[in-house]
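K.L.:
Here is my input, please return the structure:
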Amino acid sequence: MLTPSCRAGVLGTGGEVSQLTPLAYRRGIPLFCEKTPSDYARDPYERYDPTVIRQTALHLVDELWGTYPWQQALDFADAQLDLSSARDIVEVGCGVGRWIGSLARRLPLANCWGIDYSYQLLRRAQEYWIAGESVTVDYRAKGFAQIYELPGHRLTNLRLGLAKAEALPFADASQDVVLSSFLLDRLVDPLLGLREMWRVLRPGGQLVPVTPLNFQSADHWTQYYPPERLVSTLRATGFEISAVKTDMLIYEPLDAHGNYLRWKCVGLVARRGETTST
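P.N.:
This is a model prediction of the structure:
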């Protein structure tokens, strides 16, 4: 069910609008959720310089780090998912689009969607993955001497939209795969987000969340930690758990000197069952 602030068009299989239209468009990006000027001002992910530049460096410029820092999460998903027959794939919390953009390139016949609540991150993803614009990354402030220029892509099977994870703009049972990374522990209501992911998945469809369980409230620590509680919540929501990895270490690099943040992540693979709790 869409919340009052997110009364948006609901997208059916293949991306067609089956009920309403988006609330608005901004530079070609459909806005499925109303976001006021004060909402933009409060959201740290709308701060272009510190956020978009860093997310672009982390997720698109592998040459800076010698590898993709989040590759372990993608490898975990690849080892568990059968994407050969997946027609509809959505990443919730897609950021600058590395995961869903890479899948759209690999699976040209799939309908891929990237959903995020940050317009600025979606704008960068739109520029790079869909519009085919070159992206310049100047990370000299972090000790790197070279300025990188990344040639963009022109993916025709990828679309992006601004929405909340707790109010996804897709029809019931319309998706084969739902992906998320570093999202669940940032949601105001993780349970509502999980129920939305269950709602939009087809029966038997797969959910792959990767999360460091770095919750922002005491209540969420109580409800979803240790990882066994998150697994129990998924089962109660209507998911059948097929894989759990609790020792996924992701090292988020900070600069040329090799400083980093260490994230101890949990990766899960779950299938939608027939019923969910209310």
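
K.L.:
Next, the contact list for residue 102, please.
P.N.:
Residues near residue 102 by Cβ atoms under 8 Å, 6 or more residues apart in numbering: residue 74. Every residue, glycine included, has its C-beta placed from N, CA and C.

K.L.:
any idea which element it lies in?
P.N.:
Using DSSP states H and E, residue 102 sits within helix 98-106.

K.L.:
now swap in residue 72 and tell me
P.N.:
If you go by DSSP H and E, residue 72 is part of helix 71-80.

K.L.:
In that helix, which residues are buried?
P.N.:
Neighbour counts over helix 71-80 (16 or more other Cβ atoms under 10 Å) mark 72-74, 76-77 as buried.

K.L.:
Ok, stretch 246-262 next?
P.N.:
Judged by neighbour count using 16+ other Cβ under 10 Å, the buried positions of stretch 246-262 are 248, 250, 252-253.

K.L.:
Pick the one among the residues you listed closest to residue 118.
P.N.:
Distance to residue 118, by Cβ to Cβ, is smallest for residue 252 among the buried residues of stretch 246-262, at 17.7 Å.

K.L.:
what's the distance between the closest residue in space to residue 22 that isn't next to it in sequence and residue 229?
P.N.:
Leaving out its chain neighbours, the residue that sits closest to residue 22 by Cβ to Cβ, 6 or more residues apart in numbering is residue 30, at 3.7 Å. Computed as Cβ to Cβ, to the nearest Å, the residue 30 to residue 229 distance reads 35 Å.

K.L.:
Just want to know which of the two has more residues nearby.
P.N.:
When residue 30 and residue 229 are compared for neighbours, residue 30 comes out ahead with 21 against 14, by other Cβ atoms under 10 Å.

K.L.:
Just to be sure, the more buried one is in a helix?
P.N.:
No: Residue 30 sits outside any helix when classified using DSSP: H, G, I helix; E, B strand; the rest coil, being strand.

K.L.:
per-residue confidence for it?
P.N.:
You'll see residue 30 listed with a pLDDT of 97.

K.L.:
Looks like it contacts residue 126 (just checking).
P.N.:
No: if you go by Cβ atoms under 8 Å, residue 30 and residue 126 don't touch, sitting 10.7 Å apart.

K.L.:
Need the overlap of contacts for those two.
P.N.:
Common neighbours of residue 30 and residue 126 are listed as residue 160 (criterion: Cβ under 8 Å, 6+ apart).

K.L.:
CA atoms of the lowest-mean-pLDDT helix or strand in the chain as PDB?
P.N.:
Across the helices and strands of the chain, mean confidence by mean pLDDT, DSSP states H and E is lowest for helix 37-42: a mean of 92. Output in PDB follows, covering the C-alpha atoms of helix 37-42 (Å, rounded to 0.1, in the frame of the first residue of the first chain):
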ATOM      1  CA  PRO A  37      12.500  21.400  -0.500                       C
ATOM      2  CA  SER A  38      13.000  20.800   3.300                       C
ATOM      3  CA  ASP A  39      13.200  17.100   2.600                       C
ATOM      4  CA  TYR A  40      15.900  17.700   0.100                       C
ATOM      5  CA  ALA A  41      17.800  20.000   2.400                       C
ATOM      6  CA  ARG A  42      17.700  17.500   5.300                       C
END
